[in-house]
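>>> Would you be able to build a 3D model of this:
(chains A and B)
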Amino acid sequence: MQKKALLLVGSARRPRSTSESLGSHVLERLKTQGFDTEVILIHRAHRSEEQHAAMLDAANHADVVVLAFPLYVDCLPALVTKTLEQLATSRRAGTPKAGQRLLAIVNCGFPETSQNETALAICHQFAREARFEWAGGLAMGAGAAIDGLPLEERGGMVRHVIAALDAAAAALAAGTPVPQETVALMGRPLMPSWTYSLFGGIGWRMQARRHGTQKRLYDRPFAE
Amino acid sequence: MKITILDGAGSDGGTLAALHASLVAELDARGWEHRSFILREMDVKPCRGCFGCWVQTPGMCIVDDASREVSRAIVQSDLLIYLTPVTFGGYSYELKKVLDRSICNILPFFKMVKGEIHHVPRYERYPRLLGVGTLPQPDAESERIFTTLIERNAINMHCPAHAAGVVFDGEGPEQVERKLHTLLTAVEVT
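Numbers count the residues shown, from 1 in each chain, chains lettered A, B, ... in the order given. Have a look, this model is predicted:
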């Protein structure tokens, strides 16, 4: 019987997100390994009862679940948290399918990969409580540099990210844990912190100029 | 002392209801002014990740809902208290929905804090942070994650002091009161 792999995307950004870029890469590799694949955008699934039920059902039946999300305030975005709460509740109520594996992929807007550690610890704890096998967690800093584009379009900067995601997909297909070397490879910095901070600052000012707010960027509307 | 309490209990309030009542009694005994937000009763939409609060309406989320009131209360507090069921070590959805929407209170730009890159503060001062979670029974890993998360939030939101603790189902009122007393003393503004 064909194995199923499900990608849950935890970013609400449209039309594209870095979370989806990273998760889709793994899913594409699993497809070439013979997996039947499906992508669900979490924020969209919460728009209707029907889509929401379908999401939980898909997560409860997939052989492999890949959860890809951006770091929000040091942990998981609210709707991702809600989804995991609901999924855990549904699995506590019954007998979950045996051998389901979970891979978490998190990216953050800071240059340091280490800032994602708490989020991955939460995902691992979820896996324990909801009775998923923990395949591993991959994290990267400077996620904004990918800007939701297919990884192949981001050039040499993400070569190691592609290699890490390929290795993670191979481990998922083989039914083995994601190796520590792969975790370390994924977490290698995309660029020096100072470069990221400098260009990040320039980017925010350019966006503000487009909105005509460049002189109001430091406003304090809640000071009084 | 001005205090904002964010109550992240789920649909029925659960064991957090008793904890909330004990906390309020302790704050009253100290004569501290407090305001509670019962988040499950508030219509707050999840963050869209658009960063409009930084570049379109600087300092305020572009979505005009109850989260603006919460963000304002946070900035104007001396002490911010999170009450939440510890959820896989982290926060409940109800609490997280307002925290995600409060990034308007910092600037998009970066600076180095304790050897890491973090956002630059928007305001001159921020509240101290106290996180109090509930768990059905002791769980070392959940407690470790929760404590770390409070510490990480305190760094990112420029809180001058922070503390975290967990209360377990079945603990008696006196035990809970002692824990709250210790935690509040740890973040007391003198």
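
>>> Backbone dihedrals for residue A:170, both of them.
Note on residue A:170: its backbone torsions stand at phi -60, psi -40 [degrees, to the nearest 10].

>>> same check, this time on residue A:16
Dihedral angles (degrees, to the nearest 10) for residue A:16: phi -150, psi 150.

>>> helix/strand/coil for the nearest residue to it once chain neighbours are set aside?
Nearest residue to residue A:16, sequence neighbours excluded (C-beta to C-beta, 6 or more residues apart in numbering or on different chains): residue A:148, at 3.1 Å. For every residue, glycine as well, the C-beta is placed using N, CA and C. What DSSP: H, G, I helix; E, B strand; the rest coil gives for residue A:148 is coil.

>>> In contact with residue A:148, which residues?
Applying C-beta atoms under 8 Å, 6 or more residues apart in numbering or on different chains to residue A:148 gives the contacts A:13, A:15, A:16, A:17, A:18, A:20, A:21.

>>> Give the buried subset of those residues as a PyMOL selection command.
PyMOL command restricting the contacts of residue A:148 to the buried ones, with burial defined by 16 or more other C-beta atoms under 10 Å in any protein chain shown:
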select buried, chain A and resi 13+17+18+20+21
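
>>> and the contacts of residue A:148, which of them are in helices?
Using DSSP state H, A:18, A:20, A:21 are the members of those that sit in helices.

>>> How many residues are close by residue B:54?
Using other C-beta atoms under 10 Å in any protein chain shown, residue B:54 has 23 neighbouring residues.

>>> make that residue B:29, sorry
Around residue B:29 there are 10 residues (other C-beta under 10 Å).

>>> Packing partners of the strand or helix carrying residue A:119?
For residue A:119, the host element (DSSP states H and E) is helix A:117-130. If you count contacts as 3 or more C-beta pairs under 8 Å, 6 or more residues apart in numbering or on different chains; DSSP states H and E, helix A:117-130 packs onto helix A:78-93, strand A:101-107, strand A:133-140, helix B:140-156.

>>> Quick check: mean pLDDT of the longest helix along chain A?
The longest helix of chain A (DSSP H) is helix A:193-211. Throughout helix A:193-211, pLDDT has a mean value of 94.

>>> and what of stretch B:88-101?
Mean predicted confidence for stretch B:88-101 is 98.

>>> how much space is there between the residue sitting nearest the centre point of chain B and chain A?
The C-alpha lying nearest the average C-alpha coordinate of chain B belongs to residue B:82 (C-alpha atoms, centre = their mean; 3.2 Å). To chain A, residue B:82 is 11 Å away according to C-beta to the nearest C-beta, to the nearest Å.

>>> name the element that residue belongs to?
strand B:79-85.

>>> got it, and residue B:126?
Assignment of secondary structure by DSSP H and E places residue B:126 within no helix or strand.

>>> Repeat that for residue B:14.
Using DSSP H and E, residue B:14 sits within no helix or strand.

>>> Quick check, pLDDT for it.
So, for residue B:14, pLDDT stands at 71.

>>> With adjacent residues omitted, what lies nearest to it?
residue B:85 (6.5 Å).

>>> need the contact list for the one you found.
B:8, B:9, B:10, B:14, B:15, B:16, B:92, B:133, B:134, B:135 are the contacts of residue B:85 under C-beta under 8 Å, 6+ apart.

>>> out of those, who has the most neighbours?
residue B:133 (30 neighbours).

>>> What strand or helix carries that residue?
strand B:128-135.

>>> same thing with residue A:25?
helix A:18-32.

>>> List the buried residues of that helix.
A:18, A:19, A:20, A:21, A:22, A:23, A:24, A:25, A:26, A:27, A:29, A:30.

>>> list the helices and strands the following helix or strand past it packs on?
Downstream of helix A:18-32, the next assigned helix or strand under DSSP H and E is strand A:36-41. Using 3+ C-beta pairs under 8 Å, 6+ apart, the elements in contact with strand A:36-41 are strand A:4-9, helix A:18-32, helix A:49-61.

>>> Quick check: which of these is nearest to chain B?
helix A:18-32 (9.7 Å; C-beta to the nearest C-beta).

>>> Give me the contacts around the closest one.
Outside helix A:18-32, the residues that touch it by C-beta under 8 Å, 6+ apart are A:5, A:7-11, A:35, A:37, A:39, A:41, A:64, A:66-70, A:103, A:105, A:107, A:138, A:140, A:143-144, A:146-151, A:161-162, A:165-166, A:168-170, A:172-173.

>>> Could you identify the buried members of those?
A:5, A:7-11, A:35, A:37, A:41, A:64, A:66-70, A:103, A:105, A:107, A:138, A:140, A:143-144, A:146, A:148, A:151, A:161-162, A:165, A:168-170, A:172-173.

>>> What residues does the closest residue in space to residue A:6 that isn't next to it in sequence make contact with?
Counting by C-beta to C-beta, 6+ apart, residue A:6 lies nearest to residue A:62, which is 3.8 Å off, once chain neighbours are set aside. By C-beta under 8 Å, 6+ apart, residue A:62 lies in contact with A:4, A:5, A:6, A:38, A:100.

>>> Which entries within the residues you listed meet the buried criterion?
A:4, A:5, A:6, A:100.

>>> Let's have those residues in CSV, adding distance to residue A:87 and pLDDT.
Shown next, in CSV, are the buried ones among the contacts of residue A:62 (distance: C-beta to C-beta, whole Å; pLDDT from 0 to 100):
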residue, distance to residue A:87, pLDDT
A:4, 16, 98
A:5, 16, 98
A:6, 11, 98
A:100, 11, 98
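
>>> Good, wrapping up.
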